[in-house]
Each structure stands twice: as structure tokens, then as C-alpha cells.
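**Q** everything below, folded, please.
(2 chains)
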Amino acid sequence: MKNSVVIKGNKYGIIVMLDKDIPFDELLSDITSKFKESSKFFGKASMAITFEGRQLTSDEERQILDIISDNSDIEIMCVVDNDKRREEMFKEKVEQRVNDIADNSGQFYKGTLRSGQVLECESSVVILGDVNPGAKIISTGNVVVLGALKGIVYAGITGDASSFVVALEMNPVQIRIGDVIARCSDNKSRFKKNKPETKIAFVEEDNIYIEPLSKDVLNDLHF
Amino acid sequence: MSEVIVVTSGKGGVGKTTTTANVGTGLAMLNKKVVLIDTDIGLRNLDLVLGLENRIVYNLVDVVEGNCRPKQAMIKDKRYSNLYLLPSAQTRDKSSVTPDQMKALTDELRKEFDYIILDCPAGIEQGFQNAIAGADRALLVTTPEVSAIRDADRIIGLLEANETKKRADLIVNRIRMDMVKKGDMMTIEDVQDILAIDLIGAVPDDENIVISTNQGEPLVGSDNLAGQAYMNICRRIVGEEVPFLDLNGKKGVISKLTGLFRKN
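**A** So this is what the prediction gives:
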């Protein structure tokens, strides 16, 4: 028997090298015998598989996978594609995601946001000043106001419900986190102030909760 | 050195024109040469508050369009010879004047006057843009009401966004201490808390203002609280340090003393 099928292992799984010249039917029977032989060696294992050496259609790939599972106890977790372009696309996506997480840092804005002003941020944002009634902050991440929050705030605008809002004085007219939206109560007097207290707003079970900023609340935060 | 001051508010009816008339007259009483410009084209009324309506021949639009010289359009006040009024046109609208023309006009008037005070129209459109174009600083008039404060806040934002970064000082107008005490009206501190700009004066709600406005005689400098409050604003504008009035009305020595202790 020619070595039309070679199995190599690495730490994630196995690479099956296929001869690219022999007819597919012949290849299938070679694979069958190869895996029958080595089934004892692999035993009951879960692994990823990569095909090399031959361009396979998805139909052919499925036939090979069927043969492998019929003739051994190997459980194929996934087929790792070897296509260069796709690999790069995956790599790009993974790196982008990693960058997004690293980008959990944010921007600073110094100054008071006044009525009619809108601050839009493609990251988290820290405002060193007040957010007055009529002003609006829109952020894809978290919003921290080192001052009084009396305007409108949208955190996690792309749908991230794990975002939160912190303010030294929490009195927003409207607050939106992810897809959850809440407004201040109607019967609250608009100028009689409560004692300012640092508070945090977050989403739990599709409701926005506003609570004093304590260690317990901070420990429960996941983002 | 002359200064161009715009009196603005955003919301209408809070007392811009009354403030302009009283501050202008007060500065004239302090021996400054003052011109008041009514920039509310189409809704002329500063002349009424000053009682000068019958003297109008030319107006602001005539000056800008070159139909007359500024000297011809400016009306000398009937009480103070160093106070002038440049009235607005009644039959035109705000688009008759551009910000550049206003800036050129105020810059020309700087040569002759100590203070050029612009009475700004309500709103944030062209009339407002015209009025602020040549101004060095702003007097922001507001009343202790949420609507007036919201608009004032917007105005501060627009002034800050303007390339010249104009400084704005706050005048809280029409404050009623009896209502403040009952908790039915915002305190001056509440207003300052939201707007976060320097306070240059607080004027109590006073029926004398209605009377003086209707008679065309500014009450600045008279011995009622509102007249004193306006005079104090003028003295602060020229750079004097003036303590804020006690708006609670006349108090005995004992209550003044307890007030002192309470502060500490």
C-alpha cells in the first residue's frame, strides 16, 4: 500500500495528509484502512482535524469524516480549515476582538455638557464635569461622570448590556444600557435636590438598577 | 478700554431688555460713555423702556446699509448726556444684518464709547448670532424657572463653542425670596449649581420694575431693592468689588447677627 494517507499529530489534534493524485474512491478506502489500523492507537479521543495535501469539496470532506467516525472511536470536534485567506480572516477577527477587549480603556472629556450638546464615543468615556439637563452622552461602552448626571445617557449603545454608568450625582432624565431603557420618575421635584451620592446603574434581568456604589456592587460587575 | 457686552438669555420674557436699559443707564450714571444697541430687528422695544420712542428717525438697519452715519441714528438719552441708543428697525427682519456687519459696527463704536451694550433677541438663530458676533463678554439673564435655565444652559454652550470663547456672567432675575423660603422656587445657589458660571447679580421680583418699564424711566440707582441690585451689577461691571444684596428685605440688627452666625 502506498502512503496515500498520512496522519500527523499536534497538540490540538491530527493533520491528515492526503495524496492529491489518486482517485477519490481509492483514497477513501485507504483512509478506511488507515484509521482501522490506528484506531487502537488513538483510542477514544476528541480532537480537531485538518486536511492537507488535497483540495476537498465539502461533500468529500463529509464522506471522509463519516469514514473516520465509522472506523475508529475518534470524535472529531472540528475541522480546521487550512485555507490561507480564511485563516487570515479568522486571525484578523480574533485579533480585532482581542483589541476590542484591550480597548476597554476609554476617553476623557473635560468640561460640562450643556443643554443641546451631544457627546458620542466609540469607547467608554469619563466626563470630568456635569452633564446638564438636555445634554446627551452616547457611548459604546461604559460611562463615568465625575460630576452630576442630569441629562440623558446611553451606555453600551451597540447592545452591550454589561455596560454600566457611574455618576457622583445620579439624576438622569433617561438612561439606556444595551437595549434596556429607563426614565426618571415623574413625581420627583426637578430642583429640590437629594443629598448627592455616588451611584452606579447596571442591567440585571432586563431591568436597570441604580444603586449606591459599594464594594459588593463592584465585585459583581462583569465586563 | 472699551468693552462690548451682549445681554442674552435664550428664552424670551426673562428681562433682557429691562436689564439692558437699567445696566446701560447705571453705567452712564457712573460717568461712562455708553451706547445701547437694540438688535431685536422687527420687535423693537428697548426704546420704549428708555422712553425714547418719539425721537427715532434712523435705525440699526439704516446704519448697516449705509443710509445714514451711526452718529445720525444714535439717540441721546433724555436724562444722561453720555448715554445713547441705537434703535432697531421695526419693519425689517433679522436677516437684514449679518454677524460681520455687526462686528464691524461695534468695532467702529469702540473708538468713541466705554461700553457698547447689545440687547439680544430671544432664540438662538440669526438674531442671536448677530448680537454675539462683536461682543467681548455676555450677561446671561435668567429667571429661577426650569425652562429659562434650560435655555440659558444652551446659550452658555453656544457661547463656549463660539470661536472667541466669550465669558458669560449670570444675572438671576425676578427672584422671589418669599417663594424661595417656602421651597417653591429655586434658590440662586440652585441656579448657579446647574449653570456653573460666575454670578454678577441677583435682581428681586419687584413691581417697581413694571411701573418703571411702563413709564420709560429705568429705576437703576433708586432706593428700592431692584434699583440697588441693578446699580450693584453696574459697579461690578466696571470692576468694583461689591457685596451681594440681602434680598430678604429689611432686617433688624439681631436677625442680621444670627444670619452671620448661621453662615459660620
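
**Q** chain A contacts on chain B?
**A** B:146, B:150-151, B:153-154, B:156-158, B:160, B:183, B:186, B:190, B:193-194, B:196 (C-beta under 8 Å from any C-beta of the partner chain). Just so you know, the C-beta spots here come from the backbone N, C-alpha and C atoms, and that holds for glycine as well.

**Q** how close does the residue in chain A positioned nearest to chain B get to A:K136?
**A** Nearest to chain B, among the residues of chain A, is A:R114, at 3.5 Å (C-beta to the nearest C-beta). Distance of A:R114 to A:K136, given as C-beta to C-beta, to the nearest Å: 11 Å.

**Q** with B:D100 instead?
**A** 32 Å.

**Q** between those two, point out the one with more neighbours.
**A** Counting neighbours by other C-beta atoms under 10 Å in any protein chain shown for B:D100 and for A:K136 shows that A:K136 has the greater number, 18 against 11.

**Q** what strand or helix carries B:A148?
**A** Here B:A148 sits within helix B:146-161, counting by DSSP states H and E.

**Q** residue ranges with poor pLDDT in the chain?
**A** Using chain A here. Counting by pLDDT under 70, the ranges of chain A that qualify are A:1-2, A:10-12, A:81-91, A:93-104, A:187-194, A:222-223.

**Q** please refer instead to chain B.
**A** Looking at chain B by pLDDT under 70, you get B:249-264.

**Q** which strand is the longest one in it?
**A** Longest strand of chain B, by residue count under DSSP state E: strand B:167-175.

**Q** direction included, what does it pair up with?
**A** strand B:137-142 (parallel), strand B:199-204 (parallel) (DSSP bridges).

**Q** so what touches that strand?
**A** B:14-15, B:19, B:136-144, B:152, B:155-156, B:159, B:185, B:188, B:191-192, B:195, B:197-205, B:233, B:247 (C-beta atoms under 8 Å, 6 or more residues apart in numbering or on different chains).

**Q** list only buried entries from those.
**A** Neighbour-count burial (16 or more other C-beta atoms under 10 Å in any protein chain shown) applied to these gives B:14-15, B:19, B:136-144, B:152, B:155-156, B:159, B:185, B:188, B:191-192, B:195, B:197, B:199-205, B:233, B:247.

**Q** now A:C121, what are its backbone angles?
**A** phi -130, psi 130 (degrees, to the nearest 10).

**Q** buried residues in the host helix or strand of A:V125?
**A** A:V125 belongs to strand A:124-128 when assigned by DSSP H and E. Judged by neighbour count (16+ other C-beta under 10 Å), strand A:124-128 contains these buried residues: A:124-127.

**Q** what about that strand, near chain B?
**A** No. Legend: contact between strand A:124-128 and chain B by C-beta under 8 Å from any C-beta is lacking; minimum distance shown is 12.7 Å.

**Q** can you give me the helices in chain B?
**A** All helices of chain B, identified by DSSP state H, fall at B:16-29, B:46-50, B:60-65, B:70-73, B:99-110, B:126-133, B:146-161, B:177-182, B:188-195, B:207-215, B:225-237, B:253-263.

**Q** of those helices, flag the one that's most buried.
**A** Neighbour counts (mean count of other C-beta atoms under 10 Å in any protein chain shown) averaged over each of the helices of chain B peak at helix B:16-29, with a mean of 27.

**Q** what's the local residue count around A:V143?
**A** Going by other C-beta under 10 Å, the residues that sit close to A:V143 add up to 29.

**Q** partners of it in the sheet?
**A** A:V125, A:V165.

**Q** correct me, but it touches A:I137?
**A** Yes. A:V143 is within contact range of A:I137, at 5.6 Å (criterion: C-beta atoms under 8 Å).

**Q** find the residues that touch each one of the two.
**A** A:125, A:127, A:153.

**Q** between those residues, which is closest to B:Y58?
**A** A:I127 (49.9 Å; C-beta to C-beta).

**Q** let me see the contact set for the closest one.
**A** A:108-109, A:113, A:119, A:137, A:143-147.

**Q** what's in contact with stretch A:45-62?
**A** A:12-20, A:24, A:27, A:64-65, A:68, A:73-82.

**Q** in helices, which of those appear?
**A** Using DSSP H, these in helices are A:24, A:27, A:64-65, A:68.

**Q** for those, pick the one with the most neighbours.
**A** A:I64 leads the ones in helices among the contacts of stretch A:45-62 on contacts (other C-beta under 10 Å) with 24 neighbours.

**Q** doesn't A:I31 make contact with that one?
**A** Yes. The pair A:I64 / A:I31 is scored as a contact, 5.9 Å apart, by C-beta under 8 Å.

**Q** now list whatever residues contact both of those two.
**A** By C-beta under 8 Å, 6+ apart, the residues touching both A:I64 and A:I31 are A:V16.
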